[in-house]
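S.K.: give me a model of this one.
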Amino acid sequence: MSLKPLVMSLAIVSLLLLSATTSLAAGERTMYLNVCQELVTQARAYEIRASQHNNIAKSFQIQIESMAKLPKTQGTISAMDNLFSQYDQNRLLEIKFRELYRQTADEAERCMKRMD
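M.R.: Purely as a prediction, here's the structure:
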């Protein structure tokens, strides 16, 4: 009779350990999935910012083309220089955000592949 309580105790301890390990693994997987999702969200944000800078640069390009038709005065030359400067800044920011997007998207993809 004393063997039965011992076996029951071992069985209960084994089940508790198994359930604790399973819940830890599930919790760890959920946490890892959250990190992957954050990477995807960050990649999308970088892509959106790159598109915004692209659109801004296009609007500066249109303004530059319009000003090029005006007579060349010190004011128009100065304004065009300013527009070119802003155009260049937005193109550089677009390039940087596109690179950040690619890096983050690649990392998110690697993260999701590790989940399999």
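
S.K.: which SS class is residue 70?
M.R.: Here residue 70 is coil, with the state taken from DSSP: H, G, I helix; E, B strand; the rest coil.

S.K.: quick one: the helices in this protein, in order.
M.R.: Remark: helices assigned in the chain by DSSP state H are 3-68, 74-115.

S.K.: out of the ones you listed, which is the most enclosed?
M.R.: Among those, the stretch with the highest mean neighbour count (mean count of other CB atoms under 10 Å) is helix 74-115, at a mean of 14. The way it works is simple: take the backbone N, C-alpha and C, and place the C-beta from them, glycine included.

S.K.: for that helix, packing partners?
M.R.: Counting contacts by 3 or more CB pairs under 8 Å, 6 or more residues apart in numbering; DSSP states H and E, helix 74-115 is packed against helix 3-68.

S.K.: low-confidence ranges in this structure?
M.R.: Residue ranges of the chain with pLDDT under 70: 1-27, 116.

S.K.: if we go to 50?
M.R.: 1, 24 (pLDDT under 50).

S.K.: what's the offset of stretch 28-45 from the middle of its chain?
M.R.: Offset of stretch 28-45 from its chain centre (CA atoms, centre = their mean, to the nearest Å): 9 Å.

S.K.: so residue 111 makes contact with residue 34?
M.R.: No: with contact defined as CB atoms under 8 Å, residue 111 does not reach residue 34; the gap is 10.4 Å.

S.K.: give me the phi and psi for residue 72.
M.R.: phi -80, psi 110 (degrees, to the nearest 10).

S.K.: ok, residue 70 next?
M.R.: According to degrees, to the nearest 10, residue 70 has phi -80, psi 160.

S.K.: that one: what's it in contact with?
M.R.: residue 76 (CB atoms under 8 Å, 6 or more residues apart in numbering).
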